[in-house]
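Undergrad: Pasted the sequence and its predicted model underneath.
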Amino acid sequence: MSENTLIPKLKRVADKLKAEGRPENVIVNALKEELQYYVLDFVYNHSNYSKLTMYGGTLLRIGYGLTRLSEDLDFQTTHPIDLEKLKEELIRHFASKYNFDMEVSINPRDDSDTKLLKLSFDILAEFNLATITWTKLKLRFDINYFDKTDEFIKENLQIVHDGLAFSIKTYALSTLMASKIAAVLLRSNRGIRGLVSDCKPRDIYDLIWYLQRNTFPDIEYLRAKGLHFETMIELFDILKLKIPNLKDSLFEEDLAQFFFDRSDFDSWFSNWRQKFITLMDAYKIYRVKDLMRISFKIDFSTENRTIQYLFSTDNVNEYIYFAINISDYWFEWNDLKIPSGHRINEIEPKVETASGSIFEIDYEYIGLFYSKIKDFITRNNGVLFRNHLTTKLIRATADKLDPERQVYLNRRLLEKVQLEELT
């Protein structure tokens, strides 16, 4: 095989891991991960594919620093993709830019909403791996056709890696968590190295990652995927029944290979069931009752606004509050201000402020977000698992956006988006 410009970069990755004493199967997975960046650079710098919405374990790994390695590239889209054209363009891109010959095979899966491309790189012989008997490194590229993809708010994660720069289009964390729950509950039986399971342990690892962040799953995404339940209590009960009863042997076969250090897996695995149950139980149940008061504040150092809504619950002396953080641009720029029609007269006597006067536009936003909160409460049948929900800073510009703490919207999306997609 002729030399190409990626091999030296991949060898640096392999040599570093060899020097650290990493197992050769870990080195192979790390090489897959390195190649994922180059595939994503192609996808998100291409006009035809940059609208694909990425989700799954690799998204968490690359975008949020998930500690386990991941081997699949998973995307959702509303619009059909010409798989033959995608195949040809991938091959041409790697050949012209990196002098890299690759093979791409298509499994259209006519009976499935998910189409699969397998990317094959005949390079492993270059790395002198004694225990690796095959020569081709393969990546999966899954495209799931989901007709409601565009109904959920998106975020853009800026990625810079070894001279590459691209922006991944993905869901908010609440929707990503819901997609992981859907994967846990909707997978059909499949083989895992000789064992059969309807659940991948790697999905359990990712789900626990969400639980540790106290993320609240997007209930509308779950319903759009055909999962119907009365309240989040019912959903959590389903998860509590299914997940702790998984066989330990499944974790060894499916998950252990994705850790740089075996001891990290052993440490996680030693108490994963108790950790899962403890984290699930930490989502305390609250039944929401009446709106008590609304606080409207201006941060005079930034001019950003915070609107807090306090509700009573069935528990005496326990309350639920929702905090909305919104940039001053929405109040000051005429082309961003929401139109009239959002005010709710009956809640306005409950508004308090230490910021001086409240203007008509302030009441419009107070009414808009109150409607979103009430919709959120109604969709959850009045049952919540935490006593507070705080949004990211809702910005009207994307310049130097920090997706961990900020979310960018235009005016149409601000009116349309659901509450949990702002957190």
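TA: Looks like it arrived, so ask away. On a predicted model such as this, the values are computed, not experimentally measured, just so you know.
Undergrad: separation between residue 421 and residue 346?
TA: Distance, residue 421 to residue 346, by CB to CB, to the nearest Å: 26 Å. Just so you know, the C-beta spots here come from the backbone N, C-alpha and C atoms, and that holds for glycine as well.
Undergrad: how does this protein divide into domains?
TA: Here the domain parsing of the chain from automatic domain parsing is 1-171, 172-283, 286-422.
Undergrad: Between residue 421 and residue 346, which is the more surrounded one?
TA: residue 421 (25 against 7; other CB atoms under 10 Å).
Undergrad: tell me the contacts of that one?
TA: Neighbour list for residue 421: 152, 153, 172, 174, 175, 218 [criterion: CB atoms under 8 Å, 6 or more residues apart in numbering].
Undergrad: Kindly tell me how buried residue 147 is, as a neighbour count.
TA: Around residue 147 sit 11 other residues, with neighbours defined as other CB under 10 Å.
Undergrad: Quick check: the gap between it and residue 108.
TA: Residue 147 is 18 Å from residue 108, by CB to CB.
Undergrad: ok so, going back, go through the domains of the chain and find the least confident stretch.
TA: Set side by side, the domains of the chain differ in mean pLDDT, and domain 172-283 is lowest with a mean of 87.
Undergrad: doesn't residue 70 make contact with residue 58?
TA: Yes: distance between residue 58 and residue 70: 4.1 Å, which falls inside the contact criterion (CB atoms under 8 Å).
Undergrad: list residues touching both of these two?
TA: Between them, residue 58 and residue 70 share the contacting residues residue 33, judged by CB under 8 Å, 6+ apart.
Undergrad: circling back to that earlier point, neighbour count added to the contacts of residue 421, as TSV?
TA: What follows is those, written out as TSV (neighbours: other CB atoms under 10 Å):
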residue	neighbour count
152	23
153	19
172	24
174	24
175	26
218	26
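Undergrad: who's in contact with the host helix or strand of residue 267?
TA: Element membership of residue 267, judged by DSSP states H and E, is helix 262-269. Outside helix 262-269, the residues within contact range by CB under 8 Å, 6+ apart are 23, 67, 205, 248, 251, 255, 256, 259.
Undergrad: what's downstream of it, the next helix or strand?
TA: Next in sequence after helix 262-269, counting helices and strands by DSSP H and E, comes helix 272-281.
Undergrad: ok and that following helix relative to helix 262-269, angle-wise?
TA: 50 degrees (axes from the mean of the first three to the mean of the last three CA atoms, to 10 degrees).
Undergrad: show me the contacts for the residue nearest the centre of the chain.
TA: Central residue check for the chain by CA atoms, centre = their mean: the C-alpha nearest the mean position is that of residue 176, 3.4 Å away. Residue 176 makes contact with 55, 59, 60, 170, 210, according to CB under 8 Å, 6+ apart.
Undergrad: So which of these belong to helices?
TA: Among the contacts of residue 176, DSSP state H puts 59, 60, 210 in helices.
Undergrad: And for the first one, the neighbour number?
TA: Which is residue 59. The number of residues near residue 59, taken as other CB under 10 Å, comes to 24.
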